[in-house]
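> Build me a model from this:
(one chain, ligands or ions: 2)
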Amino acid sequence: MKYIALALGLLALPAFAEGENVTIEPPAEVSREDGLAAWDRIYEVASHPRCANCHVGESQRPMWSGPSYGEPRPHGMNVHAGESRMGAEFVACATCHVERASLNDVPHAAPQVAMAWQLAPVEADWFGKSSTEICTQLRDPDLNGGRDFMDLASHLDHDLILHWAWNPGGGREPAPYDLQAHVNDVLAWGVAGYPCEGAPDLEIEEASE
Ligand code: HEC
Ligand code: HEC
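Ligands and ions are numbered 1, 2, ... in the order given. Got it, this is the predicted structure:
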């Protein structure tokens with residue numbers, strides 16, 4: 001339900017990206033070992049403050065964490081996203097996080113992206129979570145918005161917030177690697193069969209050999 005509402009909300013906004021576009025070409029074959037190495041890099045990105053600050057759980061509170069914030073803490077000014085995950089019941093995120101691209105260079109100004117800011121779905125709770133926890137969430141269609149690795153890769157391409165995360169400005173640390181490298185890793189991990197360290201492999205329905 002929440003996913004449907006979010007997806008509809010996002011569809012109403014411009015779906016094109018400023019800046020670089022991404023190539024989505026899955027490799028033909030990837031070993032489990034290389035898939036796990038790709039996952040380790042995906043985890044570095046997912047657990048990075050530029051991503052995890054919005055990927056929080058039931059608290060409904062975005063986080064302020066990363067070197068530019070000092071000690072990690074919940075978003076200031078008593079911001080609360082509510083069940084809507086976009087602050088509809090309180091002060092809407094878009095009151096402050098709206099498109100004014102030039103302001104992104106001002107330290108401590110609200111990040112501005114041409115897309116409505118809101119928390120990620122509660123199922124995609126990554127803040128402070130382990131590699132195994134995020135890995136098993138992200139490969140589970142019941143918890144990831146029904147996406148396979150190709151859908152995840154094109155979501156990454158279309159989401160302007162992700163483009164911002166690698167180029168945040170205002171003295172904020174960018175997410176590690178770059179968007180294309182991250183997309184390539186998601187594709188490699190998927191082709192390898194979504195291996196997760198510390199969790200059993202998924203049953204593969206169609207034999208690949
Ligand atoms: C401004 C808040 C915000 C930030 C920052 C953010 N996300 Fe998200 N994320 C969302 C929202 C909202 C959704 C749900 C969008 C949808 O389902 O269409 C989402 C969904 C996702 C999904 C879909 C799969 C799932 O499990 O829900 C992936 C993958 C994802 N984000 C990756 C990232 C990565 C990687 C970063 C950092 C580079 C990041 N996000 C930063 C808000 C954010
Ligand atoms: C009253 C204005 C205001 C409202 C409303 C607001 N924010 Fe913010 N937000 C800010 C400011 C200002 C910052 C940057 C603070 C800083 O860098 O010291 C920020 C930073 C953030 C960050 C950290 C980004 C990063 O990684 O550096 C996230 C995540 C975030 N807001 C999410 C939200 C969400 C989700 C909502 C709605 C539930 C929301 N905000 C509502 C003003 C606001």
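> for residue 136, what are its contacts?
196, 199 (C-beta atoms under 8 Å, 6 or more residues apart in numbering). From N, CA and C alone the C-beta is placed, and that goes for glycine too.
> Please identify which helix or strand holds it.
helix 131-138 (DSSP states H and E).
> Show me what secondary structure element comes after that helix.
helix 149-158.
> Check whether that next one comes near ligand 1.
Yes - Helix 149-158 reaches ligand 1 (C-beta under 6 Å from any ligand atom) through 152, 155.
> average pLDDT for that helix?
Mean pLDDT, helix 149-158: 92.
> separation between the closest residue to residue 104 other than its chain neighbours and residue 39?
Spatial nearest neighbour of residue 104, excluding adjacent residues (C-beta to C-beta, 6 or more residues apart in numbering): residue 169 at 4.0 Å. According to C-beta to C-beta, to the nearest Å, residue 169 stands 29 Å off from residue 39.
> Tell me which of those two has more neighbours.
Ranked by neighbour count (other C-beta atoms under 10 Å), residue 169 and residue 39 place residue 39 first, with 26 against 17.
> tell me the angle of the top helix by length along the chain relative to helix 149-158?
Longest among the helix segments of the chain by residue count, using DSSP state H, is helix 32-46. Here the directions of helix 32-46 and helix 149-158 differ by 30 degrees (axes from the mean of the first three to the mean of the last three C-alpha atoms, to 10 degrees).
> From ligand 1, how far off is the residue positioned nearest the centre of the chain?
Nearest residue to the geometric centre of the chain (C-alpha atoms, centre = their mean): residue 51, 5.2 Å. Plainly put, residue 51 is 3 Å away from ligand 1 if you go by C-beta to the nearest ligand atom, to the nearest Å.
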